[in-house]
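S.K.: what's the 3D shape of this:
(2 chains)
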Amino acid sequence: MQRTLYILLRNPMSMLGLLLVFIVVFSAIFADFIAPFPAHRGAVVDFANFNRAPEWPYIFGTDLVGRDIFTRIIYAFRISLMLGAVVLVIAVPIGVTIGLLAGYLGGWTEYVLMRLTDVFLSIPPLVLAMSIMGVLQPTLTNGMLAVTAMWWPWYTRLVYNITRSEKEEGYVLAAEVIGASRLHVMFREILPNCVPSILTKMTLDLGFVILIASSLSFLGLGVQPPTPDLGSMVAEGATYLPDSWWLTVFPGLAILVAVFGFNLVGDALRELLGADQ
Amino acid sequence: MSPVLRLLAKRLVTSMIVLIGVSMLIFSIARVIPGDPARIALGPNATAEQVENLRERLHLNEPLPVQYGHFVADLARGDLGISLYTNRPVTRDIAQFLPATLELIFVAGLMMIVIGLPLGALSARYRHTWADNTIRMVSLLGVSAPAFVWAVILMLLFAYFLPIFPIAGRIANMHVVPSITGFLLVDTLVAGNLRAFGSAVSHIVLPAFALALSGIGQAARLTRSNMVETYDRPYIEMAQAYGFPERRIARRYAFRPSMIPSMTIIGLDFAAMLGNAFLVEAVFAWPGLSRYGVAAILRKDLNAIVGTVLCISALFLIVNIIVDLITAYINPRIRHSQRA
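M.R.: Next up is the predicted model:
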C-alpha cells in the first residue's frame, strides 16, 4: 500500500490525474459552497445578464438565459459522478457474476451466456443506449438504466477471460479436491483474484461513463433541462458558434478534464498492477 | 479447406447467431415503446378507424412472437417496413443516408490506422524519452473527450478562427455530381471533376479527424504497450546481439507481432465509430445515417429505429469478421496451422 502510494506520487502524470480527479470530486461534493450562484443550477432566468462573455463574477460567462456557466458545470459534475457511480454499482456485479458463471461452469452455460454477451457487444455502445433512451422517457434514472445495459458485457468479458485461466491453477484444483462447492470456488477462490483488474477497469470506466452519458445528452436523449448537464450545454451552445464560444468550450473542456483525470489515474493503477504481477 | 477459410466459415455462423440475437433484442426494445406507434404516426387528428387500420397493417394487434415472425419474414425479402415519418421504405432511406456515413467512417478509420499505429510504434521505439511521454499524453487526451467535443473545438479552430476548412456539409453547393456510388470522394473522381473532388476532400477532413481522434489515441496506446512488451522478448535481444539495424528490429521483430493483439481492438474502435458518427454528424451537419437515426428515435419511428440499428450492427459484425481474417492472415500460427 505504501509502495503503491509512493510510486503514484513519484510519477508526474499520475499526480496530475489525482489532482484533476480531486478537483472534480471535491467541487461536486461541495458544490453548494463553491458555486458562486447556487440557484443557477435550476430553472432560473436572468435576462439582464444573458449570454455574457467571461468576466467577473461570471468567470466562464453566462448562458442564453443568464445563468452562470461555472456554477452549472460544477453541478453537472455532481450529477455525472452520481450517474457514473450508480451505473458501475449496478453493472459491475451483474457483469462479474455472468463472467464467473460462464468461465467456470463452461459447456452450454458458457456458450449461451457468452453469445448473449456478444449480442450486447455487437451493437455500438452509444447506439444501444440511444435506442433504449429513445423508447423510454429521457430522465436521469432511465439514462442510468440505458448506460448500465451497455456496460455490463465488458466486465463479463474481462472476468470470463481471467476465470478461464485461473480455473486451471493449483489453488482452484485444491479447493475442488477438498470438496468446496462451485459457489465457493467461484466467489471465494477465483473472484478475489479478479478484483485488482476489476477495480482498475472501474476507475477508467468512471471517466468513460461520464463521456457516454454526456454524448447521450448531447443528442437530446439524456438528462433533460433544467438539470445541468455538460453534454446538453455543449449541444445548446453549438448553434451560437463562433460568437458565443464560451457556451460550448467550457462545458466541453470540463468533460475533457474529468475524463482525462480518471484515465490518468486508471492508467497509473494498471501500470502498478502490471508491475506487481 | 485452408485454415483461414475454415475460420471465416466458423465466424460467419457465430455472427449469424449473434445477428439474430441482436434483431430480437432491438425488436423487443422497440416494441415496449410506451404509446401507440400507429397513433403517433397518424397524428392526433386521425380517426379511431384509421388508427385501427394502420395497427392491422403493421401487425401491431398480434402477440409479440408473431410480430417478430412477420418481421423476420419481411427482412428475408429485404423489406424493413415503411418509415412512419418519411413514408418511404426504410431500406430506401438507409440506402440514401448510409453512403455519407460510411465515407466518413472509412476516412476516419484510415486516419486512425495511418496516424495511430506509427505514433504508437514511435512511442515504443523511443520508450521512456520525452517523445514517448508527449505521444502518450496526446493519445490519452484524444481518448478523453467525446467526439462531439473534438468536433466543436476543431470547428472553432480550423473553420472559424483560421478559416482553412468549410464549416459544414459534404460539398460546396455549386458542384453537381451525378450520384453513382453515393460516396462523393469516388463520384467526383468518376465524373472527372477535380474541383468538386477538392471540395469534398476539404469538407471531410475536419469531421473525419474529430471522429478519428479517440481511435488514433487508442491505437497508439495499444500499439505502444504491445510493442514495449515485445521488446522484452529474448529474440529481440538476440537480434540486437547479432547487430541487426535498430530500424529493422523495430519494424520486423517488434512491430509485426505486436499488431496481432492490436488488430482486435482496432476493429472494436472502428465499430465504435459507427456510434460516434452520430455525434460528429450532428456538429458538422453531415447528411448521414445518424441524423436519420436520431430523428427516428425522437419521433418514435419504430421501423426506422429497428432498421438503422440492425444495419449498424450488421456492419459492426462485418468489420469484426474482416479484422479476424486479417489477424489470422498476419498470425503465422493460424495461417499455417491445420485446424483453425
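S.K.: Stretch A:169-182: how far from the chain's middle?
M.R.: Here the centre of stretch A:169-182 is set off from its chain's centre by 36 Å, with Cα atoms, centre = their mean, to the nearest Å.
S.K.: Outside of it itself, which residues are in contact with it?
M.R.: A:Tyr104, A:Leu105, A:Glu166, A:His184, A:Val185, A:Arg188, A:Glu189, A:Ile190 (Cβ atoms under 8 Å, 6 or more residues apart in numbering or on different chains). Every C-beta, even on glycine, is put in place using the N, C-alpha and C of the backbone.
S.K.: Against which helices or strands is the helix or strand that contains the first one packed?
M.R.: Assigned by DSSP states H and E, A:Tyr104 belongs to helix A:69-105. When contacts are defined as 3 or more Cβ pairs under 8 Å, 6 or more residues apart in numbering or on different chains; DSSP states H and E, helix A:69-105 packs onto helix A:12-29, helix A:31-34, helix A:107-121, helix A:140-166, helix A:191-218, helix A:230-238, helix A:246-276.
S.K.: The contacts of stretch A:169-182: which two are farthest apart?
M.R.: The distance between the two most remote of the contacts of stretch A:169-182 (Cβ to Cβ) is 16.0 Å, for A:Leu105 and A:Arg188.
S.K.: More neighbours: which of these two?
M.R.: Using other Cβ atoms under 10 Å in any protein chain shown, the more surrounded residue of A:Leu105 and A:Arg188 is A:Leu105, with 15 against 12.
S.K.: Could you report the separation of that one from chain B?
M.R.: 20 Å (Cβ to the nearest Cβ, to the nearest Å).
S.K.: Can you give me the neighbour number for the closest residue to that residue other than its chain neighbours?
M.R.: Spatially, and ignoring its direct neighbours in sequence, A:Leu105 is nearest to A:Arg182 (7.3 Å; Cβ to Cβ, 6 or more residues apart in numbering or on different chains). The tally of other residues near A:Arg182 (other Cβ under 10 Å) stands at 12.
S.K.: and A:Arg182, how far is that from chain B?
M.R.: From A:Arg182 to chain B the distance is 27 Å (Cβ to the nearest Cβ).
S.K.: Need the per-residue pLDDT for that residue.
M.R.: pLDDT for A:Arg182: 89.
S.K.: tell me the average confidence for the helix or strand where A:Gly134 lies?
M.R.: Assessed by DSSP H and E, A:Gly134 sits inside helix A:125-135. Averaging pLDDT along helix A:125-135 gives 79.
S.K.: Packing partners of it?
M.R.: In this structure, helix A:125-135 packs against helix A:140-166, helix A:191-218, helix B:3-31, helix B:256-284, helix B:289-299, helix B:302-330, with contacts taken as 3+ Cβ pairs under 8 Å, 6+ apart.
S.K.: Export these as a markdown table, with columns for mean neighbour count and mean pLDDT.
M.R.: Compiled in a markdown table, the helices and strands packed on helix A:125-135 are given as follows (neighbours: other Cβ atoms under 10 Å in any protein chain shown; pLDDT from 0 to 100):
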| stretch | mean neighbour count | mean pLDDT |
| --- | --- | --- |
| helix A:140-166 | 21 | 88 |
| helix A:191-218 | 22 | 88 |
| helix B:3-31 | 17 | 81 |
| helix B:256-284 | 23 | 82 |
| helix B:289-299 | 22 | 82 |
| helix B:302-330 | 21 | 82 |
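S.K.: And those: which comes nearest B:Asp187?
M.R.: Ranking those by proximity to B:Asp187 (Cβ to Cβ) places helix B:289-299 first, at 17.8 Å.
S.K.: Can you tell me the number of residues neighbouring B:Glu62?
M.R.: Using other Cβ under 10 Å: B:Glu62 sits among 14 other residues.
S.K.: Can you get me a residue count around the closest residue to it other than its chain neighbours?
M.R.: Once flanking residues are discounted, B:Glu62 sits nearest to B:His70: 7.7 Å by Cβ to Cβ, 6+ apart. Residues near B:His70, counting by other Cβ under 10 Å, number 13.
S.K.: Would you check that B:His70 makes contact with B:His59?
M.R.: Yes: checked against Cβ atoms under 8 Å, the pair B:His70 and B:His59 is within contact range at 4.8 Å.
S.K.: Tell me where the model's unsure across the chain.
M.R.: This is for chain A. Low-confidence segments of chain A, defined by pLDDT under 70: A:1, A:4, A:7-8, A:274-277.
S.K.: oops, I was thinking of chain B
M.R.: B:1, B:33-37, B:41, B:334-340.
S.K.: Which residue lies nearest the spatial centre of it?
M.R.: B:Leu274 (3.1 Å; Cα atoms, centre = their mean).
S.K.: mind checking how far that residue is from A:Ala235?
M.R.: 20 Å (Cβ to Cβ, to the nearest Å).
S.K.: how does chain B divide into domains?
M.R.: Per automatic domain parsing, the structural domains of chain B span B:1-85+B:303-340, B:90-298.
S.K.: Next, the distance between the ends of the last one.
M.R.: The first residue of domain B:90-298 is 16 Å away from its last residue (Cα to Cα, to the nearest Å).
S.K.: Stretch A:28-42 now?
M.R.: 16 Å.
S.K.: What residues sit buried inside it?
M.R.: A:Ala28, A:Ala31, A:Ala35, A:Phe37, A:His40, A:Arg41 (16 or more other Cβ atoms under 10 Å in any protein chain shown).
S.K.: so who does the fourth one touch?
M.R.: A:Phe37 makes contact with A:Arg67, A:Asp68, A:Thr71 under the criterion Cβ under 8 Å, 6+ apart.
S.K.: so B:Ser139 sits right up against B:Leu119, yeah?
M.R.: Yes: between B:Ser139 and B:Leu119 a contact is recorded at 6.8 Å, counting by Cβ under 8 Å.
S.K.: got the residues of the stretch 101-250 of chain A near chain B?
M.R.: Selection of the stretch 101-250 of chain A residues close to chain B by Cβ under 8 Å from any Cβ of the partner chain yields A:115-116, A:118-120, A:122-128, A:130-137, A:207, A:211-212, A:214-215, A:218-221, A:231, A:234-235, A:238, A:241-242, A:245, A:248-249.
S.K.: The same query, at a cut-off of 6 Å, please.
M.R.: Contact residues, the stretch 101-250 of chain A versus chain B (Cβ under 6 Å from any Cβ of the partner chain): A:118-119, A:122-124, A:126-127, A:130-131, A:134-135, A:211, A:214-215, A:218-219, A:242, A:248.
S.K.: Filter those down to the buried ones.
M.R.: A:118-119, A:122-124, A:126-127, A:130-131, A:134-135, A:211, A:214-215, A:218-219, A:248.
S.K.: How about the residues of chain B by chain A?
M.R.: By the rule Cβ under 6 Å from any Cβ, the part of chain B lying against chain A is B:18, B:21-22, B:25, B:29, B:33, B:140, B:144-146, B:148-149, B:152, B:156, B:160, B:271-272, B:274-275, B:279, B:294, B:297, B:305, B:309, B:312-313, B:316-317.
S.K.: I'd guessed A:Gly95 sits against A:Met150; true?
M.R.: No: taking contacts as Cβ atoms under 6 Å, A:Gly95 lies outside contact range of A:Met150: 10.9 Å.
S.K.: Just put the helices and strands packed on helix A:69-105 in a markdown table and tack on distance to B:Ile216.
M.R.: Listed next are the helices and strands packed on helix A:69-105 as a markdown table, based on distance: least, Cβ to Cβ, whole Å:
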| stretch | distance to B:Ile216 |
| --- | --- |
| helix A:12-29 | 19 |
| helix A:31-34 | 35 |
| helix A:107-121 | 22 |
| helix A:140-166 | 21 |
| helix A:191-218 | 16 |
| helix A:230-238 | 21 |
| helix A:246-276 | 15 |
